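**Student:** Let me see the structure of the following:
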Amino acid sequence: MNIVIGALIVAVTVYLLLQRYEFRMVLLASGLLLAGIALDPLTVLDEFAYKMVTDSLIQAVCSSLGFAYVMKITGCEAHLLTLVGRRLNGLGGIAIPVVTLLTFAINSILMSAGNTAAAAGIVFVPLLVRAGVVPAVAAAAVLAGTFGSMLNPALPTNAFVARVAAAKVQFVAASHGLPVTLAVVIAALCLTLLALWRKEHCGYAQAGSEDSPVDAANPLYATIPLIPLAILVLGGSGLVPVLRIGIAQAMLVGALLGLLVTRSPAAKITEEFFSGMGSAYAQVMGMIIAVAVFVSGMKSIGLVSFFITWLTTTPQIAKAGGVFGPFLMAIMTGSGDAAAFAFSEAVAPHAFLYGMSTVQMGSIAAIAGALGRTMSPLAGATIVCATLAGVNPLELVKRNCPGMCLALLVAFWVI
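**Tutor:** Presented below is the predicted three-dimensional model:
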């Protein structure tokens, strides 16, 4: 009975989100209700308190938005938009897949989808919008590339699959090469074609010109917004080991350089940086905390464990469950790693029953989890990208859904 009631509550939650009710309010209320029915309300309250101070995205999101505020107040963002944005005007049909592929490459180095969304999003989203791309499409282009980490042997998911399959992690990461590369190309093309069909690839320049770009761009000023991303890529890739620092440190370095180059009032820069951090916590982290409460509620009432058990122990659908289960679970919970861990451990050891190797079964579960997370409205990366674009996370999901579903089918076929 609890499972049935829980499923109904989740269905109502989805409906309310589609009706654009306040995102945080709906998820918090649903999570508390689910846990209350399960007679376990303290679990979600503890999760709320835990996420307030320990979420891995706090540093990345708050520092990135603080840096973005500084770039606005110093005018550096306006100079970048003027220097690059006008050259991209009308080229949204080309710029959209380019941004997705660039984000994919960056994520293969940074690994964290949320960190990548924050670091790349503060640069790419305004540029695409200035080029005339609708904000939701600009954010979706960044989000669609946040599964490049599957190619990195250091990714925990790859290490987990390697342990389950008793294989070398380099072999697991290499086996992802073709399916993951095809997946990102398909995702980028589908998003671009959808934008072209809906005429969302151009024509937004007038509505997006509210930031009053300058008449003549200063190349030095225009470079500053790119500094933190360059530091993270060069340091993370090992090309410049001395630059291997965290995202918060990189954003602070960028803000300090902005202060020095533009010679803006230090007090004003400091105020804006912390205002941006506060806004990020209220908007982005508030949503992420609400998501954690909702997911905790689903776990309390048994929905998540029931879903995993049903898909992995029902003989008729076990093979399909090992592929589509992680995909659906990642959409439902916003975590691709959790989905990959759960299904890899449950299904991959029995891969021989379905004519697949353990590495193949574990890999497709990991890839499916990553693709599902990339179109989940509950994922941290989705929330970050949506906030940067000023749109509802569901707007990104609607645009990435066709590409991710097709990418999953192709990845399963070629792996």
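**Student:** SS state for Thr146?
**Tutor:** coil (DSSP: H, G, I helix; E, B strand; the rest coil).
**Student:** For it, which residues are in contact?
**Tutor:** Thr103, Phe104, Asn107, Ala113, Thr116, Ala117, Thr374, Ala381 (Cβ atoms under 8 Å, 6 or more residues apart in numbering). For every residue, glycine as well, the C-beta is placed using N, CA and C.
**Student:** count of neighbours near the fifth one?
**Tutor:** Residues near Thr116, counting by other Cβ atoms under 10 Å, number 32.
**Student:** For it, which non-adjacent residue is closest in space?
**Tutor:** Of all residues not flanking Thr116 in the chain, Asn107 sits nearest, at 4.2 Å (Cβ to Cβ, 6 or more residues apart in numbering).
**Student:** My read is that that neighbour contacts Ala118, right?
**Tutor:** No - at 11.5 Å, Asn107 does not count as touching Ala118 under the criterion of Cβ atoms under 8 Å.
**Student:** the more surrounded of the two?
**Tutor:** The neighbour comparison of Asn107 against Ala118 (other Cβ under 10 Å) goes to Ala118, with 33 against 27.
**Student:** Selection in PyMOL covering whichever of the contacts of Thr146 are buried, please.
**Tutor:** Buried residues within the contacts of Thr146, by 16 or more other Cβ atoms under 10 Å, are selected in PyMOL with:
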select buried, resi 103+104+107+113+116+117+374+381
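**Student:** which phi and psi does the residue nearest to Ala379 when sequence neighbours are not counted have?
**Tutor:** Of all residues not flanking Ala379 in the chain, Gly334 sits nearest, at 4.1 Å (Cβ to Cβ, 6+ apart). Per-residue torsions, Gly334: phi 80, psi 10 (degrees, to the nearest 10).
**Student:** Pull up the gap between Gly334 and Thr262, please.
**Tutor:** Gly334 sits 38 Å away from Thr262, going by Cβ to Cβ, to the nearest Å.
**Student:** chain center to stretch 329-342: distance?
**Tutor:** With Cα atoms, centre = their mean, to the nearest Å as the basis, stretch 329-342 stands 13 Å off its chain's centre.
**Student:** Over to stretch 29-43?
**Tutor:** Averaging C-alpha positions (Cα atoms, centre = their mean) puts stretch 29-43 27 Å from its chain's average.
**Student:** my guess is Leu80 meets Leu226, correct?
**Tutor:** Yes - the criterion here is Cβ under 8 Å, and Leu80 meets it with Leu226 at 7.4 Å.
**Student:** for the chain, which spans come out with low pLDDT?
**Tutor:** 85-86, 90, 205-215, 312-319, 322, 348, 350-354 (pLDDT under 70).
**Student:** Comparing Gly334 and Thr262, which residue is more hemmed in?
**Tutor:** Using other Cβ under 10 Å as the criterion, Gly334 and Thr262 rank with Gly334 on top: 25 against 20.
**Student:** if I look at Leu80 and Leu226, which residues touch both of them?
**Tutor:** Residues touching both Leu80 and Leu226 (Cβ under 8 Å, 6+ apart): Val123.
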